[in-house]
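Asks: Turn this into a model:
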Amino acid sequence: MTGVSFPQPALADVVATLDVEQSGEHRFVATQLDNPHHHIVGGHIAGQALMAASRTAPGRIPHSLHVYYLRAGDARRPVDLHVDVARDGGTLSTRQVTARQDGEILLEVLSSFSAAVDAPEYQQPMPEVPDPDSLPPVQQQLADYADELGGYWVQPHPFELRYVDAPPRLALDRDEPVPRIRLWWKPSAAVPDDPALHSALLTYLSGTTMVETAVAMRRATKTSVFNALIDHALWFQRPVDLSDWVLSDQFSPSGVAGRGLASSTMYNRAGQLVCLATQELYFGRGEGRQR
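Replies: Predicted coordinates for the structure are as follows:
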């Protein structure tokens, strides 16, 4: 299968565009990452909203983000972000972010930030998986598909991805079920040591990999079937350090009424839980296997 190429952005461009420009008090301008279809990438603009909100909560780190995607936007033009300082408490700060383009609301976000708290901790253990250094890069796993979609499956990616389970494109040809996708990931190069930026990059990544679980349950790939994010939620349990690998344990628990639910639990290499994320995708009225 050959067709239009879907080029991945460079990591440097992702980082640069997450660094939203302040245009006034609690107002920011977010440059988008253009692509052949000129659609705004959901995880990217959610990460930008998180970065804008974090600028208004100095000294506190993100602990949750809740996003509703209302309209598609045009990635050729910037988006205006307005942050409403909803509350600053002794420990928690809450922000509402509205993203607009041409006066129309693209998404609404509620985010919360926390000061450091000394308290007992507990978590579910990380699943037993191979070490990332023992796994091949995804480009090597999908080398047989190098001519497909203009080289989409093997092109450079802003993140290094190493799948524990078969990547969905490979599982599709093997006619294997994909109830769970576990993969290690980290940025393809060093990024600035900024907790808010690391959380925003995790938000971006979750918007691009979690979709695979819901799409794979439809016996398709994310390039072969229409899908659009409609909501997205993340709970940051502790700051994520992107100088090392992160494990994302992903699955899709349900698909109903043209929607698919996806979930991910993320751990650092030491086995500490760093984030839980969920998202729901819309697949439209017409569903079925599409190749």
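
Asks: Which residue ranges of the stretch 151-291 of the chain form strands?
Replies: 159-163, 181-187, 228-236, 246-256, 259-268, 273-282 (DSSP state E, counting those that start in this stretch).

Asks: my guess is residue 268 meets residue 239, correct?
Replies: No - using CB atoms under 8 Å, residue 268 is not in contact with residue 239; the gap is 9.6 Å. To be clear about C-beta, it is placed using only N, CA and C from the backbone, and glycine gets the same treatment.

Asks: Give me the residues contacting stretch 128-141.
Replies: Identification of contacts with stretch 128-141 by CB atoms under 8 Å, 6 or more residues apart in numbering yields 153-155, 157, 160-164, 166-167, 170, 182-184, 245, 247, 269.

Asks: List the buried residues in that stretch.
Replies: 129, 132, 135, 138-139, 141 (16 or more other CB atoms under 10 Å).

Asks: Now render those as CSV, adding pLDDT.
Replies: Converted to CSV, those look like this (pLDDT from 0 to 100):
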residue, pLDDT
129, 97
132, 97
135, 97
138, 94
139, 94
141, 92
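
Asks: Out of those, list just those in strands.
Replies: Among these, no member falls in strands (DSSP state E).

Asks: Could you tell me which of those belong to helices?
Replies: 138-139, 141 (DSSP state H).

Asks: Any chance of TSV for these, columns distance to residue 37?
Replies: Listed next are those as TSV, based on distance: CB to CB, whole Å:
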residue	distance to residue 37
138	22
139	23
141	26
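
Asks: Residue 61: what's it in contact with?
Replies: Listed by CB under 8 Å, 6+ apart, the contact set of residue 61 reads 113-114, 195-196, 199, 236, 239.

Asks: and those residues, which are buried?
Replies: 113-114, 195-196, 199, 236.

Asks: can you tell me which of the residues you listed are in helices?
Replies: Per DSSP H, these map to helices at 195-196, 199.

Asks: circling back: can you say which of the strands of the stretch 151-291 of the chain is nearest to residue 60?
Replies: strand 228-236 (11.6 Å; CB to CB).

Asks: Who's the closest spatial neighbour of the residue sitting furthest away from the middle of the chain, skipping the chain neighbours?
Replies: What lies farthest from the middle of the chain is residue 90; by CA atoms, centre = their mean that is 29.9 Å. Closest residue to residue 90 apart from its sequence neighbours, by CB to CB, 6 or more residues apart in numbering: residue 115 at 7.7 Å.

Asks: unless I'm mixing things up, the one you found is touching residue 59, no?
Replies: Yes - the pair residue 115 / residue 59 is scored as a contact, 7.0 Å apart, by CB under 8 Å.

Asks: The two: who's more crowded?
Replies: Higher neighbour count among residue 115 and residue 59: residue 115, with 13 against 8, using other CB atoms under 10 Å.

Asks: Could you measure from the more buried one over to residue 36?
Replies: Residue 115 is 43 Å from residue 36, where distance means CB to CB, to the nearest Å.

Asks: show me the contacts for residue 233.
Replies: Applying CB under 8 Å, 6+ apart to residue 233 gives the contacts 64-67, 277-279.

Asks: State the distance from it to residue 97.
Replies: 14 Å.

Asks: ditto for residue 39
Replies: 20 Å.

Asks: One more: residue 266?
Replies: Between residue 266 and residue 97 the distance, using CB to CB, works out to 23 Å.

Asks: Kindly report the same for residue 31.
Replies: 16 Å.

Asks: These two: who's more crowded?
Replies: The residue with more neighbours, out of residue 31 and residue 97, is residue 97; 25 against 17, by other CB under 10 Å.

Asks: Need the pLDDT of the closest residue to residue 263 other than its chain neighbours.
Replies: Of all residues not flanking residue 263 in the chain, residue 278 sits nearest, at 5.0 Å (CB to CB, 6+ apart). Confidence at residue 278, expressed as pLDDT, is 97.

Asks: Residue 278 reaches residue 262, doesn't it?
Replies: Yes - using CB under 8 Å, residue 278 is in contact with residue 262, at 6.9 Å.

Asks: between the two, who's got more neighbours?
Replies: Higher neighbour count among residue 278 and residue 262: residue 262, with 28 against 17, using other CB under 10 Å.
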